[in-house]
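Peer 1: I'd like to go over a predicted model; first the sequence, then the structure.
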Amino acid sequence: MSLRSVTIIKDKVNDRSYPFSIPSIKGSNSITFTSEVTFFVGENGSGKSTLLEAIAYQCGFNTAGGGRNNMYEIKSSNSTLGEHIRLSWLPKINQGFFLRAESFFHFASYLDQLSVDSPDIFRSYGGKSLHEQSHGEAFFSLFNNRFGQKGIYLLDEPEAALSPARQLALLRIIRQLVKEGNSQFIIATHSPILLGYPESKILNFDTTPVSEIEYEDTDHYQIMKGFLNRRDLYLKELFKEDTE
């Protein structure tokens, strides 16, 4: 594990302006990482992806998705928070990747542009254009071929393109890379499957300040378990207005 903590620098910032007005950001001064695999959980708008992008910014990764050497421009979310955090490393590493599900299409297009002058570029991504693969296949080409060197991997909702079976396969890839002692993962997710990774730490962005939460206490686990165990009851309650 290399990234030890993130400190939010709040001097001379307006805590009524975005993103400093987000309760999880406003109420937290620092976040400590104590596991090779850390998950960020919380409702949409809770700040988990915002902080993940800020970490990517400080790592020198493209905040639209990619690594340190992936230079392309698309409209991406505000990087203001990235300019107001400090990362503590032991040791410092410069390799890694920021996976952003919502802009992965643009990253794939960027690789296609590079391939015009560098046809071998696809060797690091499964041997062919990511656009020639399904969304899930393209993600796995990235995981299997790009995530092999010592580095920090920041994944923003990787389950977006993955079936439940592929999510389990991703857990196996993460496990292998962690066992080799080469990798640290920070993952923002809504997936109760991914959250089940053993010995991981889960940080809840629905609390102020951000706090650790046990897997079984997450809404993701509770809601999914309740739905699977009592589907008829859940649907009856959900649709009760239709029968009134």
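Peer 2: Structure received.
Peer 1: Could I get the contacting residues of the nearest residue to R175 once chain neighbours are set aside?
Peer 2: In this structure, R175 finds its nearest non-sequential neighbour in Y197, 7.6 Å apart by Cβ to Cβ, 6 or more residues apart in numbering. Heads up, the C-betas are built off the backbone N, CA and C, glycines and all. Contacts for Y197 (Cβ atoms under 8 Å, 6 or more residues apart in numbering) come out as V37, F39, L171, I174, R175.
Peer 1: Specify the beta-bridge partners of the nearest residue in space to Y153 that is not next to it in sequence.
Peer 2: Distance criterion Cβ to Cβ, 6+ apart; nearest residue to Y153, sequence neighbours excluded, is F185 at 5.0 Å. When bridges are called by DSSP bridges, F185 pairs up with V37, Y153.
Peer 1: From H84, how far out is F185?
Peer 2: Distance from F185 to H84, counting by Cβ to Cβ, to the nearest Å: 24 Å.
Peer 1: what packs against the helix or strand of the chain with the lowest mean pLDDT?
Peer 2: Ranked by mean pLDDT, DSSP states H and E, the weakest helix or strand in the chain is helix 104-115, scoring a mean of 72. Counting contacts by 3 or more Cβ pairs under 8 Å, 6 or more residues apart in numbering; DSSP states H and E, helix 104-115 is packed against helix 135-146.
Peer 1: Please state the offset of the helix it packs on from the chain centre?
Peer 2: 15 Å (Cα atoms, centre = their mean, to the nearest Å).
Peer 1: who's in contact with that helix?
Peer 2: 97, 99, 104, 108, 123-126, 130-131, 133, 158, 161-163, 166, 169-170, 173.
Peer 1: Mind jotting down where the helices sit in the chain?
Peer 2: Assigned by DSSP state H, the helices in the chain fall at 23-26, 48-59, 104-115, 135-146, 164-179, 219-229, 231-238.
Peer 1: can you pull the pLDDT of the residue nearest to K201 when sequence neighbours are not counted?
Peer 2: Spatial nearest neighbour of K201, excluding adjacent residues (Cβ to Cβ, 6+ apart): S35 at 4.3 Å. According to the prediction, S35 has pLDDT 96.
Peer 1: and if you look at G127?
Peer 2: pLDDT, G127: 78.
Peer 1: now T189
Peer 2: 97.
Peer 1: That one and E157 touch, don't they?
Peer 2: Yes: assessed by Cβ atoms under 8 Å, T189 is found in contact with E157 at 6.0 Å.
Peer 1: No further questions, thank you.
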